[in-house]
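1. my questions concern the predicted model and sequence given below.
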Amino acid sequence: DTGVSQDPRHKITKRGQNVTFRCDPISEHNRLYWYRQTLGQGPEFLTYFQNEAQLEKSRLLSDRFSAERPKGSFSTLEIQRTEQGDSAMYLCASSHPVGRGDEKLFFGSGTQLSVL
Amino acid sequence: KQEVTQIPAALSVPEGENLVLNCSFTDSAIYNLQWFRQDPGKGLTSLLLIQSSQREQTSGRLNASLDKSSGRSTLYIAASQPGDSATYLCAVRGLAGGSYIPTFGRGTSLIVHP
């Protein structure tokens, strides 16, 4: 169990550019979540996957955002035409499916995005 | 829609004090509640998970309790140390809609000074 990995740790980009983040969950976890966190706030839900299926998306996830989990393993989150308001920490988490009794949520270290 | 509130927003205490952090939620139909710690600029580290059928969980100097009917959980930290300084967040997995998506509070920022 190597934990949840996120890459990169930091990303600085210019407004209008596209960025992509990667998350590698704990290998036996079939649920993967993306959250966004700004300073002084709690994490806000963006989207989640069960295996390769994207089951729910938040209203926060505008059409400039897209997420994939092609083989039910790692996931990517892409933001197109970035805006300064996209500056935030993007957090990935994984867990076992609900019903096992051990659905503890594990987080990665996050990707800090700064849009200039 | 589940809403999670954490009080106080910030707390500064001398080393050695016993602390109580509060988490309240509006919809008592929950699956579980998890407490986390977050250091500045870092991800979240899990502290304790309480299932909806449980009343409390303990790990070392930490004790978390759950009162589903009143929509409250408390995190008790005994004999606080400067290394406990961090933001503490609670996350509630609700039953609504069957998706069990964790909803977070804004956290309590704790400073323990020597």
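-> Happy to help now that I have it. Nothing here was measured: the structure is a model prediction, and the numbers come from that model. Numbering: from 1, shown residues only, chains lettered A, B, ... in the order given.
2. dump the residue contacts of residue 50.
-> With no chain named, the answer covers chain A. Residue A:50 is in contact with A:30-31, A:97, counting by Cβ atoms under 8 Å, 6 or more residues apart in numbering or on different chains. Where you see a C-beta, it was placed from the backbone N, CA and C, and this is true even at glycine.
3. chain B was what I was after
-> Counting by Cβ under 8 Å, 6+ apart, the residues that residue B:50 touches are B:32-34, B:56-57, B:64-66, B:73.
4. and it, bridged to which residues?
-> According to DSSP bridges, residue B:33 are recorded as the beta-bridge partners of residue B:50.
5. gap between it and chain A?
-> Distance from residue B:50 to chain A, counting by Cβ to the nearest Cβ, to the nearest Å: 11 Å.
6. where does chain A dip in pLDDT?
-> Residues of chain A that meet the criterion pLDDT under 70 lie in A:1.
7. the helices in it, which residues?
-> Per DSSP state H, chain A has no helices. Nothing in it meets that criterion.
8. on that earlier part again, and the contacts of residue B:50 as a markdown table, adding pLDDT and neighbour count?
-> As requested, the contacts of residue B:50 are exported to a markdown table (pLDDT from 0 to 100; neighbours: other Cβ atoms under 10 Å in any protein chain shown):
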| residue | pLDDT | neighbour count |
| --- | --- | --- |
| B:32 | 94 | 22 |
| B:33 | 96 | 26 |
| B:34 | 97 | 24 |
| B:56 | 96 | 14 |
| B:57 | 96 | 18 |
| B:64 | 97 | 24 |
| B:65 | 97 | 18 |
| B:66 | 97 | 24 |
| B:73 | 98 | 27 |
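9. ok, of the contacts of residue A:50, which come out buried?
-> A:30-31 (16 or more other Cβ atoms under 10 Å in any protein chain shown).
10. taking the contacts of residue A:50 one by one, which sit in strands?
-> When DSSP state E defines the strands, the subset of these inside them is residue A:31.
11. where along chain A do the strands fall?
-> Using DSSP E, the strands assigned to chain A run over residues A:5-7, A:10-13, A:19-24, A:31-37, A:44-50, A:53-57, A:65-68, A:75-79, A:88-95, A:106-107, A:111-115.
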